[in-house]
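In: the following comprises the amino acid sequence and a computationally predicted model.
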Amino acid sequence: MKRPVVIGLTGSIGMGKSKIADKFRHLGLPVFDADAAVRHVQGPGGVALAEIEAAFPGTTGPAGVDRAKLGAAVFGNADALKRLERIVHPAVGRLQQQFRRRHRSRRAIVLDIPLLLEGEGWKGVDVIAVASAPFHVQRARVLARPGMTSEKFEKVVSHQMPDSVKRARADIIVETGRGRLLTFRTVRAVARMAKGSRLA
C-alpha cells in the first residue's frame, strides 16, 4: 500500500510558518499542528494535566495549564523543561499517529512542528521545509505582537536553533520576507511535488 509523502514544516518565531501551514491547507493538504496538539493535551480535561500537576504543583486548574505559572516553573531550567517534555511529547506523539492513520490514504500530509529539527521529529518526514525571512523582518513581526519586548524576543531567539542552521538542513526553504507571491508559488510547488511523488 502506498503511503503519503510527509512534509515536515518548521521555522523559528516570526518566520511565517503558520501562514505557510494555512496555504498548505488551502491547497488541500491535511496539516497536523503540533502547537495546537500541545494546547489540547494541556487544556481542560487534557490527558497530560495530572502528570503536569504532579511534576509542577499549582500549575494547572479547571481551565487546564496556567501557562504563566508553568512557564515560570520551567523557563531557564533545563532539567524542569526536560521533565515537562517527557510528559507532553508522548501525548502529542499519540495525536500525531492518530492524524497519520486518519490520512493514510492521502497523497501528501504536512506536519507543522516548531522543534522538528531540535528533536527526532525530522526522522519521520520525507521533506523538510523551513520557513525563513531576513532577521530584520523576523524581529519586526515579533515585536508587533502584544506584550512582546526586545528583551523577550532576544531571549526566545537565543533558545532556538539559528535560522542559518535550519536553512542548511532544509530540503526546501520557503522565503516569507520577499513577497506573498513568491511564498505562495513555493508552497504550491512543494504541494504539487509531494502529491506527484507518493511513496510505495
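Out: Yes, it's here. Numbering: from 1, shown residues only.

In: and the protein, what are its domains?
Out: What automatic domain parsing lists as the domains of the chain is 1-30+106-200, 35-102.

In: I'd like those domains as a markdown table, with mean pLDDT and mean neighbour count appended.
Out: Where you see a C-beta, it was placed from the backbone N, CA and C, and this is true even at glycine. Converted to a markdown table, the domains of the chain look like this (pLDDT from 0 to 100; neighbours: other Cβ atoms under 10 Å):
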| stretch | mean pLDDT | mean neighbour count |
| --- | --- | --- |
| domain 1-30+106-200 | 92 | 17 |
| domain 35-102 | 93 | 15 |
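
In: all helices for this protein, in order.
Out: Using DSSP state H, the helices of the chain run over residues 17-26, 34-42, 49-55, 67-74, 78-102, 135-143, 150-158, 163-169, 180-196.

In: would a markdown table of those with distance to Pro114 be doable?
Out: Listed next are those as a markdown table, based on distance: least, Cβ to Cβ, whole Å:
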| stretch | distance to Pro114 |
| --- | --- |
| helix 17-26 | 7 |
| helix 34-42 | 6 |
| helix 49-55 | 19 |
| helix 67-74 | 15 |
| helix 78-102 | 11 |
| helix 135-143 | 14 |
| helix 150-158 | 11 |
| helix 163-169 | 11 |
| helix 180-196 | 18 |
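
In: of all those helices, which lies closest to Gly119?
Out: helix 78-102 (7.8 Å; Cβ to Cβ).

In: now that closest one against helix 67-74, angle please.
Out: Interaxial angle of helix 78-102 relative to helix 67-74 (axes from the mean of the first three to the mean of the last three Cα atoms, to 10 degrees): 120 degrees.
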